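Enquirer: From the sequence below, what's the structure:
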Amino acid sequence: MLVVAAGALPPIVYLKASFQKRLTEDAAADVAQRVQYMAHALASLPHETRINEVRKAALTTRERLTYIDASGRVVFDSTVYDISVLPDHSKRSEVQRALGTRFDREPFDPQVPGVGVARRKSESTGEDTLYAAARVDERVEGPSDVLRLAIPAAHVERLSSDLLTVFRNSQAVAVSVALLLSLLAAIAFLRPLQRVVAAAQALASGDFTISVKGLGNDEVGDAGRALQTLGEQLRRRLAGAQSGEGLLVQFVQMLGTPLAVLGPDGRVIAINGPARDVLHSYGMTSEKHLTDLVHSQSYITAMHEAEKRCEPVALRIEVGKSADNASASVSQNQTDGSRGRLTTIGWIHVLKLPDQPPLGVFLGVQALGRSLSLLPAPENVSAVLVEDVLRQAIERAAPFLRQAKLTVRDIPGGGDVRVAEVDKRLTLAVALAVEGTIPSFGGQEATIGMTLKDEPSRIGVVLRATVTSDTQEIARVLLEPLGGELQVSTSDCCLWLPKA
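Expert: Numbers count the residues shown, from 1 in each chain. Coordinates of the predicted model:
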């Protein structure tokens, strides 16, 4: 408001002075023309009848009308009853200018021939007055009668004030409208900006499900849409990363071979029971034991060699009666005299991830009661209802589905059909396949379709979505040794489970 007032003050001051000057000039020109016209009319009349005509004219005009004879004496004045008290007017500036005895002019003089103008405070009325005097006897050389017309300068001031008031009111209305429009524009701009800021803060706090509504086609709208796209991409990548880590953990736990995936800081990413047996990693000392192992010189050397050779490196771990007495040493390419027969406890593999330190994968070869083959022993095969397998698989995948805002359509009933289940491998394969569909939905809420296909020796579980390539590899490892199969197309995948 102060800026608006400061900007409006100079125009008001300028216009006030301009209005007064222009209105004074217009008023002087109007009075001069009128008094000239009246003087011309009186000039054609006999001298003895002029005063009567002036008296008649005074009755029809609001202005002060004065008639002055050639000697300067006031013969008639429309506002003064006793004209004898009026002084000699021959020395008045407007009279002298009308008679041509004075040649200076006022700034507002309209320069009408035979007319003189002046502005001063009247001695008889005490008002600021604008005068216009005209010579009556234009053809007479020397002194002549003069007719004078006067109006209060307050009339000009009042008109100027009225015009200035109209201007100020118009300016006030314009400023009010401008402020209102500015306020509306600020609100229209500020509210979307506040929503974008709130979305950015939510994104920074880890909420990737942001949705900014009411965005326009301006820069703020572009920023809001960019934040939404960023949230969707982060949600998709997070879902894919969590799905991959979940697949890794479940696959490691499923295997009977001692297997552990260790981070560079000793953090256990995935480990199964046989690996804990081999590494004697139990109870409260488990974390410390694995941390000591990762930081041991033999483990570090084995990691460097495996990364350098791009192939596994043998690692011997001497384990005593307690985990605290465990030590590690590297034994590379050691055998008992025959090729491929290991005399070490396990092998170290290097698993590289983009923009992350390499992970160590320990594959143990001790404490294996049977061959490394994934073929099941006959006594481990059991007949399980396919409906139970599907229900358990969905329950296993439920945490990942909830996080990705996905649901599975009603589990199809398989009647009395039973499948040949071994160590929950079929259940795990179905669960991994369901989780493997998460990245294909791109973080959007959806429902995964699931149907059954029946054949004489097997039953197919059809998922109406695509699965990731790593999921396909793991599912095939689980299914094929049991007589199952994984078939993948561009729009769905089918897990064939062997019937019991």
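
Enquirer: contacts, neighbours, all on C-alpha from now
Expert: Fine.

Enquirer: got the residue ranges for the helices in the protein?
Expert: For the chain, the helices defined by DSSP state H cover 2-43, 47-59, 93-99, 153-204, 219-254, 273-279, 286-295, 297-309, 386-403, 425-436, 469-479.

Enquirer: ok, the closest residue to Lys21 other than its chain neighbours - contacts?
Expert: Distances taken as Cα to Cα, 6 or more residues apart in numbering put Phe108 closest to Lys21, at 7.6 Å, once the chain neighbours are dropped. Residues near Phe108 by Cα atoms under 8 Å, 6 or more residues apart in numbering: Lys21, Thr24, Glu25, Ala28.

Enquirer: Same question for Val386.
Expert: Counting by Cα under 8 Å, 6+ apart, Val386 touches Gly414, Val417, Arg418, Val419.

Enquirer: rerun at 10 Å
Expert: If you count contacts by Cα atoms under 10 Å, 6 or more residues apart in numbering, Val386 has them with 392, 412-421, 426-427, 452, 459, 461, 497, 499.

Enquirer: count of residues packed around Thr490?
Expert: The tally of other residues near Thr490 (other Cα atoms under 10 Å) stands at 9.

Enquirer: Kindly report the same for Gly415.
Expert: Other residues within reach of Gly415, judged by other Cα under 10 Å, total 9.

Enquirer: Next one: the nearest residue to it once chain neighbours are set aside from Gly414, what distance?
Expert: Once flanking residues are discounted, Gly415 sits nearest to Glu387: 7.6 Å by Cα to Cα, 6+ apart. Applying Cα to Cα, to the nearest Å, the value for Glu387 to Gly414 is 6 Å.

Enquirer: Kindly confirm whether my reading is correct that Glu414 touches Leu452.
Expert: That one is not Glu; residue 414 is Gly. Yes. With contact defined as Cα atoms under 10 Å, Gly414 reaches Leu452; the gap is 7.6 Å.

Enquirer: joint contacts of those two?
Expert: Joint contacts of Gly414 and Leu452 (Cα under 10 Å, 6+ apart) are Val386, Ile459.

Enquirer: related to what we said a few turns ago, who are the contact partners of the residue nearest to Gly415?
Expert: By Cα under 10 Å, 6+ apart, Glu387 lies in contact with Ala393, Ile411, Pro412, Gly413, Gly414, Gly415, Asp416, Val417, Arg418, Val419.

Enquirer: Check Val249 too.
Expert: Neighbours of Val249 in contact, by Cα under 10 Å, 6+ apart: Ser243, Ala260, Val261, Ile269, Ala270, Ile271, Asn272.

Enquirer: could these go into TSV alongside pLDDT?
Expert: Shown next, in TSV, are those (pLDDT from 0 to 100):
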residue	pLDDT
Ser243	57
Ala260	82
Val261	83
Ile269	77
Ala270	80
Ile271	80
Asn272	79
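
Enquirer: Is it possible to mark the buried ones in the residues you listed?
Expert: Ser243, Ala260, Val261, Ile269, Ala270, Ile271, Asn272 (16 or more other Cα atoms under 10 Å).

Enquirer: from those, which ones fall inside strands?
Expert: Ala260, Val261, Ile269, Ala270, Ile271 (DSSP state E).

Enquirer: if I pick the closest residue to the second one other than its chain neighbours, what's in contact with it?
Expert: Here the nearest residue to Val261 in space, its sequence neighbours aside, is Val361; by Cα to Cα, 6+ apart that works out to 4.5 Å. Residues near Val361 by Cα under 10 Å, 6+ apart: 259-263, 269-271, 303, 312, 347-351.

Enquirer: ok, now with 8 Å
Expert: Here Val361 is in contact with Leu259, Ala260, Val261, Leu262, Ile348, His349, Val350, Leu351 (criterion: Cα under 8 Å, 6+ apart).

Enquirer: got those as a markdown table, with distance to Val488 columns?
Expert: As requested, the contacts of Val361 are arranged in a markdown table below (distance: Cα to Cα, whole Å):
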| residue | distance to Val488 |
| --- | --- |
| Leu259 | 29 |
| Ala260 | 30 |
| Val261 | 29 |
| Leu262 | 32 |
| Ile348 | 33 |
| His349 | 30 |
| Val350 | 30 |
| Leu351 | 27 |
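
Enquirer: Closest one of those to Lys213?
Expert: Leu351 (42.9 Å; Cα to Cα).

Enquirer: can you count the residues close to the closest one?
Expert: When neighbours are counted by other Cα under 10 Å, Leu351 comes out with 16.

Enquirer: measure the residue nearest to Gly415 to Thr427 for me?
Expert: With the distance defined as Cα to Cα, Glu387 ends up 11 Å from Thr427.

Enquirer: Quickly list what's touching both of Glu387 and Gly414.
Expert: If you check Glu387 and Gly414 against Cα under 8 Å, 6+ apart, no residue is contacted by both.

Enquirer: Surely Pro358 is in contact with Leu351?
Expert: Yes. When contacts are counted by Cα atoms under 8 Å, Pro358 is listed as touching Leu351 (5.6 Å).

Enquirer: Identify the spatial nearest neighbour of Gln392, chain neighbours not counted.
Expert: Gln392's closest residue in space is Thr427 (Cα to Cα, 6+ apart), at 6.6 Å.

Enquirer: Show me this protein divided up by domain.
Expert: Following automatic domain parsing, the chain resolves into domains at 2-159, 257-367.

Enquirer: need those domains in CSV with distance to Ser440, can you?
Expert: Formatted as CSV, those follow (distance: least, Cα to Cα, whole Å):
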stretch, distance to Ser440
domain 2-159, 58
domain 257-367, 21
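
Enquirer: So which of the ones you listed is nearest Val477?
Expert: Here domain 257-367 is closest among the domains of the chain (Cα to Cα), at 14.0 Å.

Enquirer: roughly how far apart are the nearest residue to Leu452 once chain neighbours are set aside and Pro481?
Expert: Excluding the flanking residues, the one nearest Leu452 by Cα to Cα, 6+ apart is Val461, at 4.9 Å. Noted for Val461: a distance of 18 Å to Pro481, by Cα to Cα.

Enquirer: List the buried residues of stretch 177-187.
Expert: Neighbour counts over stretch 177-187 (16+ other Cα under 10 Å) mark no residue as buried.

Enquirer: Could I have the CA atoms of it written out in CSV?
Expert: In CSV, the C-alpha atoms belonging to stretch 177-187 read as follows (Å, rounded to 0.1, in the frame of the first residue of the first chain):
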residue,chain,number,x,y,z
VAL,A,177,-9.2,-3.5,-8.4
ALA,A,178,-5.5,-4.0,-9.0
LEU,A,179,-4.9,-5.0,-5.4
LEU,A,180,-7.9,-7.4,-5.6
LEU,A,181,-6.6,-9.0,-8.8
SER,A,182,-3.1,-9.2,-7.4
LEU,A,183,-4.5,-10.9,-4.3
LEU,A,184,-6.4,-13.4,-6.4
ALA,A,185,-3.4,-14.0,-8.6
ALA,A,186,-1.2,-14.5,-5.5
ILE,A,187,-3.7,-17.0,-4.1
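
Enquirer: now it: how far from the chain's centre is it?
Expert: Mean-position distance between stretch 177-187 and its chain equals 20 Å (Cα atoms, centre = their mean, to the nearest Å).

Enquirer: Then stretch 103-113?
Expert: For stretch 103-113, the separation from the chain centroid amounts to 67 Å (computed by Cα atoms, centre = their mean).
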